[in-house]
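Participant: Using only what follows, build the 3D model:
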Amino acid sequence: MTRTAFLTGGTGFVGHHVARELSAAGWRVVALHRPGSNTSHLRALNVELVEGTILDRGSLERTMPQNADAVFHVAGNTSFWSRRNAEQTLDNVKGTANVADAALSRGARRLVQTSSIAAFGHHEQRVTEETLSNAAGSRINYYRTKWLAELEVEKRIGRGLDAVFINPAHIVGSFDLTNWSRMFRMVNEGKLRGAPPGRGSWCHVNEVARAHLAAADRGRTGHRYLLGGVDASFLEAIQVIGRLTGKKVPDKAMHPAILHFVARASDLFSLISGKEPDITREGAALICETMVCDCSKAIRELGYQPVALEVMFEDCFRWMVAERML
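Facilitator: Residues are numbered from 1 along each chain as shown. You can find the predicted model right below:
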């Protein structure tokens, strides 16, 4: 029998890949999208498109199928610009609460919540699912809102909702318009003046999407699943981008103080221009940190497969070239 999925964020980077995996697996996919959003990629996947927003509880109640086999809440606001903090908090916290409430009232069998390693806050040691979050005290609003979003889902678990959490680290792959594809463009246009000093865990978007489907079937209620697998510095990632684009890139990381200075200056200039800077203060704080995770639980319970750094970046590069973004 065909299973039914309700999907938020399907027009985005990760959401597109979740929609593709669901469609390939034979699911009926009902995808929520905001008015005016580009749905061309979703139409090509033969999903059912419904209009609404996660901030409108009524539109969720109207569009979410009764007794859906799974609700995949992938929509999220990943901004690192403080001028968008209020909007981000609404999207990530209130929006998640609305989706979880609708899943409860519409009788969804399971909610798969796309969270992030950011929900754990910042830790110098390797993060595991048992690590206690310190995101409440983070200066990065994205960290705080992803943690608060998880708390909203946990409240509904207490009321009978069956839900699991997917917590990816840095995601790379095709259909990326705003994340690491920006670094490709900066390298390609000669705008990257230095490499950030931070280090992180990396995951391929294809495997992140497959982990979502596995979580719908095999994830344990209330559990988190960290996705990483490859630990590398931002300098190493940028050097991969340099090899792919054939462009010159930095051969050493810049001092954190320089990056923070540039970010502060960029933020001040944005007050005049009204445009989001390439490097914000919150973004600089992120890429100066070391934040790595252990994904052995996801490998063991979800069949998650780490992918080599070069492979995931090449996937992103080839897609950008095909789309004439480079």
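Participant: Okay, strands next: where are they in the stretch 201-326 of the chain?
Facilitator: In order along the chain, the stretch 201-326 of the chain carries the following strands (DSSP state E, counting those that start in this stretch): 224-227, 230-233, 290-291.
Participant: got JSON lines for these, with mean pLDDT and mean neighbour count too?
Facilitator: The C-beta positions use only the backbone N, C-alpha and C, and glycine is treated the same way. Shown next, in JSON lines, are the strands of the stretch 201-326 of the chain (pLDDT from 0 to 100; neighbours: other C-beta atoms under 10 Å):
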{"stretch": "strand 224-227", "mean pLDDT": "98", "mean neighbour count": "26"}
{"stretch": "strand 230-233", "mean pLDDT": "96", "mean neighbour count": "18"}
{"stretch": "strand 290-291", "mean pLDDT": "93", "mean neighbour count": "19"}
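Participant: With distance to residue 309 added, can I get these in CSV?
Facilitator: Rendered in CSV, the data for the strands of the stretch 201-326 of the chain read as follows (distance: least, C-beta to C-beta, whole Å):
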stretch, distance to residue 309
strand 224-227, 14
strand 230-233, 5
strand 290-291, 16
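Participant: With respect to residue 111, which of those lies nearest?
Facilitator: Across the strands of the stretch 201-326 of the chain, residue 111 has its closest neighbour in strand 224-227 (13.4 Å, C-beta to C-beta).
Participant: just to revisit the earlier point, of all the strands of the stretch 201-326 of the chain, which one comes closest to residue 93?
Facilitator: For the strands of the stretch 201-326 of the chain, distance to residue 93 was read as C-beta to C-beta. The smallest value, 17.6 Å, belongs to strand 224-227.
Participant: Distance from the chain centre to the closest one, please.
Facilitator: Per C-alpha atoms, centre = their mean, to the nearest Å, the displacement of strand 224-227 from the mean C-alpha position of its chain is 12 Å.
Participant: tell me what it is packed against?
Facilitator: The criterion is 3 or more C-beta pairs under 8 Å, 6 or more residues apart in numbering; DSSP states H and E, and the helices and strands that strand 224-227 contacts are strand 163-168, helix 205-218, helix 296-302.
Participant: Just checking: what are the partner strands of that strand?
Facilitator: In the sheet containing strand 224-227, its partner strands are strand 163-168 (parallel), by DSSP bridges.
Participant: What pairs with the following helix or strand past the strand it pairs with, parallel or antiparallel?
Facilitator: Reading on from strand 163-168 to the C-terminus, the next helix or strand found by DSSP states H and E is strand 170-172. Sheet pairing of strand 170-172 (DSSP bridges) gives strand 199-204 (parallel).
Participant: about what we covered before: the helices and strands packed on strand 224-227 into CSV, with extra columns for distance to residue 284, mean neighbour count and mean pLDDT?
Facilitator: Rendered in CSV, the data for the helices and strands packed on strand 224-227 read as follows (distance: least, C-beta to C-beta, whole Å; neighbours: other C-beta atoms under 10 Å; pLDDT from 0 to 100):
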stretch, distance to residue 284, mean neighbour count, mean pLDDT
strand 163-168, 21, 26, 98
helix 205-218, 24, 22, 98
helix 296-302, 29, 18, 98
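Participant: could I get these as TSV with distance to residue 38?
Facilitator: Formatted as TSV, these follow (distance: least, C-beta to C-beta, whole Å):
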stretch	distance to residue 38
strand 163-168	23
helix 205-218	18
helix 296-302	30
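Participant: Out of those, the one nearest residue 263 is which?
Facilitator: Taking C-beta to C-beta as the measure, the helices and strands packed on strand 224-227 were each checked against residue 263, and strand 163-168 came out nearest at 24.2 Å.
Participant: Would you mind putting the CA coordinates of the closest one into CSV?
Facilitator: Taking only C-alpha atoms (Å, rounded to 0.1, in the frame of the first residue of the first chain), the coordinates of strand 163-168 have been written out as CSV:
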residue,chain,number,x,y,z
ALA,A,163,8.8,12.1,16.7
VAL,A,164,12.5,11.7,16.0
PHE,A,165,15.2,14.2,15.3
ILE,A,166,17.8,14.4,12.5
ASN,A,167,20.8,16.5,13.4
PRO,A,168,23.1,17.1,10.4
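Participant: what's the angle from that strand to helix 205-218?
Facilitator: With axes from the mean of the first three to the mean of the last three C-alpha atoms, to 10 degrees as the basis, strand 163-168 and helix 205-218 are set at 160 degrees to each other.
Participant: What residues of stretch 152-164 count as buried?
Facilitator: 152, 153, 156, 157, 161, 162, 163, 164 (16 or more other C-beta atoms under 10 Å).
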